[in-house]
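K.L.:
Let's see this in three dimensions:
(chains A and B)
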Amino acid sequence: MPREAEPSINDRAFLLQALQENIRLDGRALDAYRHLDISFGDDYGVADVRLGKTRILTRISASITAPRPDRKFDGIFTITTELSPLASPAFESGRQSDLETHLSRILETSLRRSQALSTESLCLVAGQKVWALRADIHVLDYDGGLIDACCLSTLTALRHYRIPDTSVKGGDLTVYTSLERDPVPLALLHHPVCVTLNFFESGEKWLVDATLMEQQCSEGEIVVAANPQGEVCLVQKGGGGEVDALVLLRCVEVAMGKVRELGKAMDGALAKDAKRRDKGGMSRELRAENER
Amino acid sequence: MPLDTSTYHLALLRLDGRRWNELRRLHAQISTQASADGSSYLEMGNTKVICTIAGPAEVRGAARREGAERDNAVVTVEIGIAGFSGVDRRRGGGGGGKGRGDKRTTEMQNTIASAFQSTLFTHLYPHSTITISLHILSQDGSLLAACLNAATLALIDAGVPMSDYIVACTSGLTPPKSGTESADPLLDLNGMEEQELPWLTVGTLGAGERVSVLVLESRVQVGRLEGMLAVGVDGCKQVREILDGVVRRQGKRVLESVIS
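P.N.:
Okay, here's the model as predicted:
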């Protein structure tokens, strides 16, 4: 099993000493995110999120299958993560590492268990046909902030995705192509975003959006998933160094602020893309002349 | 099947007759398995866990090749969930075999391992492993908390030096009283309450308010979190008293047997 190369003793000491003076190696404030860039592919449901050097590509796809026998009215929504050696030499393909389990579990809890996507809206014919929605997350480059970027990328892709329109007439299901009817957006009930904070100096100091090296030098981390309406969907601090309860509450508060910030960035990117796709706007629809 | 807990506000009594700040019966024993290096048996209400410790022992087999040669001992956790432990019998769920079990179990293993990795004095045992095996005999809520408590006791029995006890318990939130927005926190949820109320597991180190483990997986308003956490931390203090009593009684018994 390949392991991540640990930072040298000198690098570690330098980073920690700089942190004592409230300086981060890349010059950010302690509670600042790296540069976030969200772009979209040509198809609906492809989101490419870059957070500093970390880059995540998520693709949403849908197919029609039979529902699970115990859940006749629910569609199927699966999230698969792929940590390939492409992203980092420490990742190995074809084997589930602890990081991958951790990541997929957090995504499942924050997006699936918190009912961000209403699976009932994916039902077509009860007990016979439902949409099976699939989110494939590909980590293309890894420099820390994996959970935040993956969650953001998946949610952005879900919000960007348009599912083919359907109609049911007398038990017959018709699926329309995008030429016949415009595909429709998914029914998302709320928009949870993950924020990770790392602890230093026996829990006295915390950083938002740690790079890989900061992550390796830290004593522990806490992941908070919340939606901009102020509902927490997940808080996870699995071991690591211990932290005062009041500091934890403060961290959750800071995370809420960051969630709103990330939510705004996501809204902005989606609105920009919608504008780009909608060339001419309503006036094109109303125009009498054609493109000959 | 969700269960109706809206009756709570009528008498302020929970389904099992407890008040909001009462723990369930916590019963623990130490040194239950003679063959293990350390062992414990813990009951939190109807959640029953046996924990055995192997080690600190030399690293063997595959782990050695995987680069475990460092200056610290490595803590590994195995969780076996008995098929008869839940309400519906599960086939092959856990079973203690390697690579079996679902993601929830794996995540629990990682959480427990990482919590003890930073609490035990692992630097005293270079090139070794400490294996914590948890056997879940019966589940009725607060599973992660029970596992953490049982592991603490077993590690004390094994004589592994640690900075303090890791103790854990759960806390939840009642459904909002009809007509008002107020929701009360609850301490130590059982299985039925866990299924329908928002809840969190909190694990603290020592008697203070140093939180080592915090897991919340349900949707809850951010303002409610503070109350839940406060009740949970307070519950941990109570649990610590009980566990401390168990350890002291066992110590006394050992001393008496040496003297006589």
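
K.L.:
Contacts for stretch B:33-40 next, please.
P.N.:
Stretch B:33-40 is contacted from outside by B:28-32, B:50-55, B:150-151, B:153-160, using Cβ atoms under 8 Å, 6 or more residues apart in numbering or on different chains. Using the backbone N, CA and C atoms, a C-beta is placed for each residue, glycine as well.

K.L.:
again, only using 7 Å
P.N.:
Identification of contacts with stretch B:33-40 by Cβ atoms under 7 Å, 6 or more residues apart in numbering or on different chains yields B:28-32, B:51-55, B:150, B:153-155, B:157-159.

K.L.:
List the buried residues in it.
P.N.:
Using 16 or more other Cβ atoms under 10 Å in any protein chain shown as the test for burial, stretch B:33-40 gives B:Gln33, B:Ala36, B:Asp37, B:Gly38, B:Ser39, B:Ser40.

K.L.:
Would you mind giving those as JSON lines with pLDDT and secondary structure added?
P.N.:
JSON lines is the format used below for the buried residues of stretch B:33-40 (pLDDT from 0 to 100; DSSP: H, G, I helix; E, B strand; the rest coil):
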{"residue": "B:Gln33", "pLDDT": "88", "secondary structure": "coil"}
{"residue": "B:Ala36", "pLDDT": "90", "secondary structure": "coil"}
{"residue": "B:Asp37", "pLDDT": "91", "secondary structure": "coil"}
{"residue": "B:Gly38", "pLDDT": "92", "secondary structure": "strand"}
{"residue": "B:Ser39", "pLDDT": "94", "secondary structure": "strand"}
{"residue": "B:Ser40", "pLDDT": "94", "secondary structure": "strand"}
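
K.L.:
which of those sit farthest apart?
P.N.:
Maximum pairwise distance among the buried residues of stretch B:33-40 (Cβ to Cβ): 11.8 Å, between B:Asp37 and B:Ser40.

K.L.:
how about the residues of chain A near chain B?
P.N.:
Counting by Cβ under 7 Å from any Cβ of the partner chain, the residues of chain A close to chain B are A:1, A:3, A:98, A:101-102, A:104-105, A:109, A:113-114, A:226, A:230-245, A:248-249, A:252, A:256.

K.L.:
Of those residues, which belong to helices?
P.N.:
Judged by DSSP state H, helices contain the following of the residues of chain A next to chain B: A:Asp98, A:Thr101, A:His102, A:Ser104, A:Arg105, A:Ala245, A:Leu248, A:Leu249, A:Val252, A:Met256.

K.L.:
For PyMOL, write the selection for the buried entries among those residues.
P.N.:
Paste this into PyMOL to select the buried members of these, with burial taken from 16+ other Cβ under 10 Å:
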select buried, chain A and resi 101+102+104+105+245+248+249+252+256
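
K.L.:
For the ones in helices among the residues of chain A next to chain B, could you give me a markdown table that also reports pLDDT?
P.N.:
Formatted as a markdown table, those follow (pLDDT from 0 to 100):
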| residue | pLDDT |
| --- | --- |
| A:Asp98 | 79 |
| A:Thr101 | 84 |
| A:His102 | 86 |
| A:Ser104 | 87 |
| A:Arg105 | 87 |
| A:Ala245 | 89 |
| A:Leu248 | 90 |
| A:Leu249 | 91 |
| A:Val252 | 91 |
| A:Met256 | 92 |
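
K.L.:
Please identify which of the ones in helices among the residues of chain A next to chain B is nearest to B:Leu120.
P.N.:
Proximity of these to B:Leu120 (Cβ to Cβ) peaks at A:Asp98, which lies at 18.9 Å.

K.L.:
Skipping adjacent residues, who's closest to that closest one in space?
P.N.:
In this structure, A:Asp98 finds its nearest non-sequential neighbour in B:Asn110, 5.8 Å apart by Cβ to Cβ, 6 or more residues apart in numbering or on different chains.

K.L.:
Check the gap between whichever residue of the stretch 151-292 of chain A sits closest to chain B and B:Asp244 for me.
P.N.:
The minimum distance from the stretch 151-292 of chain A to chain B, using Cβ to the nearest Cβ, falls at A:Gly239 (2.9 Å). For A:Gly239, the distance to B:Asp244 (Cβ to Cβ, to the nearest Å) stands at 22 Å.

K.L.:
These two: which has the busier surroundings?
P.N.:
Neighbour comparison, A:Gly239 and B:Asp244: the larger count goes to A:Gly239, with 23 against 14 (by other Cβ atoms under 10 Å in any protein chain shown).

K.L.:
isn't B:Gly55 right up against B:Tyr125?
P.N.:
No - checked against Cβ atoms under 7 Å, the pair B:Gly55 and B:Tyr125 is beyond contact range at 8.0 Å.

K.L.:
Could you export the helix or strand harbouring B:Ser171 as PDB, CA atoms only?
P.N.:
B:Ser171 is part of strand B:166-173, with elements assigned from DSSP states H and E. What follows is strand B:166-173, C-alpha atoms only, in PDB (Å, rounded to 0.1, in the frame of the first residue of the first chain):
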ATOM      1  CA  ILE B 166     -12.300   8.500  27.000                       C
ATOM      2  CA  VAL B 167     -15.900   8.400  27.900                       C
ATOM      3  CA  ALA B 168     -18.800   8.800  25.600                       C
ATOM      4  CA  CYS B 169     -22.600   9.100  25.600                       C
ATOM      5  CA  THR B 170     -25.300  10.400  23.300                       C
ATOM      6  CA  SER B 171     -27.700  13.200  23.500                       C
ATOM      7  CA  GLY B 172     -30.800  14.100  21.400                       C
ATOM      8  CA  LEU B 173     -33.500  16.600  21.000                       C
END
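
K.L.:
which helices and strands does it pack with?
P.N.:
helix B:143-158, strand B:185-187, strand B:199-205, helix B:225-259 (3 or more Cβ pairs under 7 Å, 6 or more residues apart in numbering or on different chains; DSSP states H and E).

K.L.:
so what's the residue lying closest to A:Val235 once chain neighbours are set aside up against?
P.N.:
In this structure, A:Val235 finds its nearest non-sequential neighbour in B:Leu216, 4.1 Å apart by Cβ to Cβ, 6+ apart. Contact analysis of B:Leu216 by Cβ under 7 Å, 6+ apart lists A:Val232, A:Leu234, A:Val235, B:Leu200.

K.L.:
where's A:Lys72 relative to chain B, distance?
P.N.:
Computed as Cβ to the nearest Cβ, to the nearest Å, the A:Lys72 to chain B distance reads 17 Å.

K.L.:
List the contacts of that residue.
P.N.:
With contacts defined as Cβ under 7 Å, 6+ apart, A:Lys72 is in contact with A:Ala126, A:Gly127.

K.L.:
What score does it have for pLDDT?
P.N.:
pLDDT, A:Lys72: 84.

K.L.:
doesn't it fall inside a strand?
P.N.:
No - using DSSP: H, G, I helix; E, B strand; the rest coil, the assignment for A:Lys72 is coil, not a strand.

K.L.:
And it, how far from A:Val259?
P.N.:
Look at A:Lys72 and A:Val259: by Cβ to Cβ, they are 35 Å apart.

K.L.:
residues near the residue of the stretch 1-150 of chain B found nearest chain A, how many?
P.N.:
Residue nearest to chain A within the stretch 1-150 of chain B: B:Ser114 (2.9 Å; Cβ to the nearest Cβ). The number of residues packed near B:Ser114 is 21, by other Cβ under 10 Å.
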